[in-house]
Structure formats: C-alpha cells, structure tokens
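# just the structure for this:
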Amino acid sequence: MNQNAEVIFMMCSHLQSDVSVKPYEPAEWSKLAQILLDADLQPSDLTTLTDAEFRDMYLDTKEINRIRQLLERGGSLSFALEQYENMGISIVTRADALYPKSLKLRLGKSCPPLFYYAGNLQLAGKKAIGFVGARGADDHDQQFTESTVSTVNSLGFAVVSGGARGVDTMASSATIRNGSAAISYLADSLVKQIRNKEAFSAIQNNQLLLLSAVKPDMGFTAGTAMMRNRYIYAQSDATVVVRSDYKKGGTWNGAVDCIKHEICPVLCWNKSEYRGNQELIRMGAVPIDADWDGDLTTLPVKEKEPIQLTLFD
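Numbering: from 1, shown residues only. Predicted coordinates:
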C-alpha cells in the first residue's frame with residue numbers, strides 16, 4: 001500500500017474490535033477527505049499535522065484525538081490484515097489505482113473508502129452487465145437468466161451480481177461456465193464465500209472477483225445490502241432485473257434507487273405475471289425479453305456532469 005492507502009486503512013478499517021475508538025464510516029471519511037482537499041492536503045498528511053493545524057481545519061479536540069488514536073493502530077491492523085491475506089483476502093482503498101474506477105465515476109463521494117476483496121482486481125476494469133433478482137427464483141427465471149448471460153458473454157461482457165442465492169448465483173455460475181468473468185459485490189460473509197469450493201476454483205482460474213465494503217466475517221444487515229446494490233449498478237454498463245417483488249425487497253429498492261439517480265440503464269424482463277417488473281418498466285426501466293440481442297447502443301442515456309476524481313476520492 002502507498003502512504004495514502006495506509007492512512008485510509010487505519011482510519012476506516014473495522015478489522016479491530018476495540019470499541020474505544022470508532023473507525024470512520026464512509027460518509028465521515030468523505031467529509032474529512034473534502035476538508036483535506038480544501039486545505040491542499042492528502043491523507044498521509046494526517047500523520048504529521050499539529051493540533052494547531054487540525055484546529056485550522058475546524059476540527060475539535062475530540063475529533064483530533066480520535067484521528068490520532070486511529071492512526072496508532074497500524075501495527076495491530078497489519079497483523080489482523082495478514083491473517084486475512086493468508087486466506088486470500090486483501091484490501092484496496094480509494095487511493096489505489098486498481099480501485100474500481102466506474103464506482104468513482106458514478107458514485108463519487110459515496111464510494112466506500114475501502115473494499116476487502118478476493119480475486120484479480122483487474123476484472124473490475126472489464127465492461128460488465130449486472131444481474132439482479134429475487135432469491136426465490138424459479139426454473140423459468142433460471143432459464144431466462146442463463147440465456148441472457150450467454151448473450152452478453154458472447155458480446156464480451158462480464159457479469160456483476162450481489163452473490164446472493166437465486167438470480168445472483170445463477171448469473172454468476174452461468175458466466176463462469178461460459179468461460180467469462182464474474183464480479184460479485186457482497187453485503188456480508190466474504191470469508192464464508194471464499195470457502196465455497198466452486199468460488200475458490202473460479203478465483204484461482206481468474207474468473208471471479210469478490211468484493212465487500214464490510215469486515216470479511218460480518219453478518220448480514222439490510223443497510224449494507226442496500227449499499228451493495230448501488231455498487232452492482234455502478235459497476236455495470238447496464239443491469240438486468242430478472243424478477244422483482246412489487247414495492248418490497250432489495251431487488252425492488254435497488255432498481256428504484258438506480259432509476260431515480262440514473263446510475264446506469266435498467267433493463268427489466270418484460271414478464272406480464274411479475275407485477276414488480278411491470279411497475280419498474282412503467283417507472284423507466286427498459287423492457288427486454290428472451291430474444292434481446294444484448295445491444296446497449298439503443299438505450300436512452302442521459303448526460304451527467306463528470307465527477308472530478310482525485311487520488312483519494
């Protein structure tokens with residue numbers, strides 16, 4: 001890690017369970033990062049600033065002490081990270097060149113300051129199509145998913161999903177069987193995922209990249225799942241909604257959020273029996289069927305102001 005990455009790791013990692021000092025959450029880090037930018041400073045400068053210089057940035061004594069305590073965790077954090085690295089898990093921060101660039105471009109300051117990951121990070125640079133849908137997917141959903149995955153794979157696209165059972169797993173498994181790559185943003189349990197025999201084999205074959213913004217052994221929470229959905233959409237050139245419940249569940253909420261914030265084009269299986277799908281189409285998702293040819297050039301794309309990228313933002 002470079003010096004900026006090391007500081008972000010110390011400031012934001014939850015690898016330690018010491019409750020005496022609370023690591024920075026993504027929104028907190030973004031606020032501090034902006035303060036540093038405004039002062040023409042970088043994260044590494046936090047290690048040398050005096051109390052007076054901190055106060056010049058309108059940080060009070062409590063916050064200064066918190067920063068200093070977090071920066072003292074280097075040795076113990078490195079030991080904790082080494083244990084995960086022995087399992088095949090590493091970290092990438094917003095200060096690293098291999099941090100998923102599409103997330104920076106589309107999410108800006110709402111990007112997490114770091115990801116834990118297993119696999120080849122260069123897979124995150126591939127053009128990709130997202131696949132999302134209900135956990136309780138049936139045989140018809142699987143057939144549509146696998147057929148559509150084959151279509152996008154034939155055009156050179158990788159597949160992005162959330163690693164959950166149902167549509168996510170169907171799409172990821174299909175793209176790997178097709179010899180293409182899968183990228184999965186996990187909401188929980190990265191350690192558990194890499195212990196899966198099929199996942200481990202795909203990682204070894206350079207076909208699977210797993211990323212998680214939360215501690216690798218952390219369990220599921222609704223909040224982290226919702227943020228995970230944003231990462232899927234931000235990574236994707238377009239995202240296919242295979243099956244959504246109506247006005248409930250992560251698939252519905254993620255798709256509505258994407259449509260609202262125009263993160264990427266949303267494609268939706270035009271299946272009349274799925275009320276959630278039909279409502280998403282009414283809200284602006286593009287209807288597709290089993291004969292969709294994978295062409296993205298005809299999708300409506302609204303121009304957005306480019307986000308200014310910096311070394312650590």
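
# what about G179, how many residues close to it?
9 (other CB atoms under 10 Å). For every residue, glycine as well, the C-beta is placed using N, CA and C.

# contacting residues for it?
By CB atoms under 8 Å, 6 or more residues apart in numbering, the contact set of G179 is N153, Q207.

# host element of it?
Assessed by DSSP states H and E, G179 sits outside every helix and strand.

# quick one, phi psi at it?
The phi/psi pair for G179 (degrees, to the nearest 10) reads phi 80, psi 10.

# repeat for D295
phi -70, psi 120.

# what's the neighbour count on it?
The number of residues packed near D295 is 9, by other CB under 10 Å.

# need the pLDDT of it.
Note for D295: predicted pLDDT of 91.

# same question, the one 4 residues further on
At L299 the predicted local distance difference test score is 79.

# and it, what does it touch?
L299 is in contact with A238, P265, L267, V286, counting by CB under 8 Å, 6+ apart.

# from P265, how far off is it?
As for L299, its distance to P265 is 4 Å (criterion: CB to CB, to the nearest Å).

# then M57?
Taken as CB to CB, the span from M57 to P265 is 40 Å.

# confirm I183 sits in a strand?
Yes. Membership of I183 in a strand is supported by DSSP: H, G, I helix; E, B strand; the rest coil.

# grab the nearest non-local neighbour of S272.
Counting by CB to CB, 6 or more residues apart in numbering, S272 lies nearest to Q278, which is 6.8 Å off, once chain neighbours are set aside.

# just checking, the one you found touches W269?
No. Shown here, Q278 and W269 do not form a contact pair, counting by CB atoms under 8 Å, at 10.1 Å.

# those two: who's more crowded?
Set Q278 next to W269 and count neighbours by other CB under 10 Å: W269 wins out with 25 against 18.

# for the more buried one, phi and psi?
The phi and psi values for W269, taken as degrees, to the nearest 10, are phi -60, psi 120.

# that one against V240, yeah?
Yes. The pair W269 and V240 qualifies as a contact (CB under 8 Å) at a distance of 7.3 Å.

# okay, and the common contacts of those two?
Residues touching both W269 and V240 by CB under 8 Å, 6+ apart: I288.

# my guess is S102 is in a strand, correct?
No. Under three-state DSSP, S102 falls outside any strand and is assigned helix.

# do you know how far the residue nearest to it when sequence neighbours are not counted is from L105?
Excluding the flanking residues, the one nearest S102 by CB to CB, 6+ apart is Q235, at 5.5 Å. In this view, Q235 and L105 are 11 Å apart by CB to CB.

# what do you get for T145?
27 Å.

# more neighbours, these two?
Between T145 and L105, counting by other CB under 10 Å, T145 is the more crowded of the two (27 against 14).

# so what pLDDT did that one get?
At T145, the predicted lDDT confidence score is 98.

# tell me which element it falls in.
Following DSSP H and E, the helix or strand that holds T145 is helix 139-154.

# what packs against the helix or strand just after that helix?
With elements assigned by DSSP H and E, the helix or strand that comes after helix 139-154 is strand 158-161. When contacts are defined as 3 or more CB pairs under 8 Å, 6 or more residues apart in numbering; DSSP states H and E, strand 158-161 packs onto strand 128-133, helix 139-154, helix 167-177, strand 182-186, helix 222-235.
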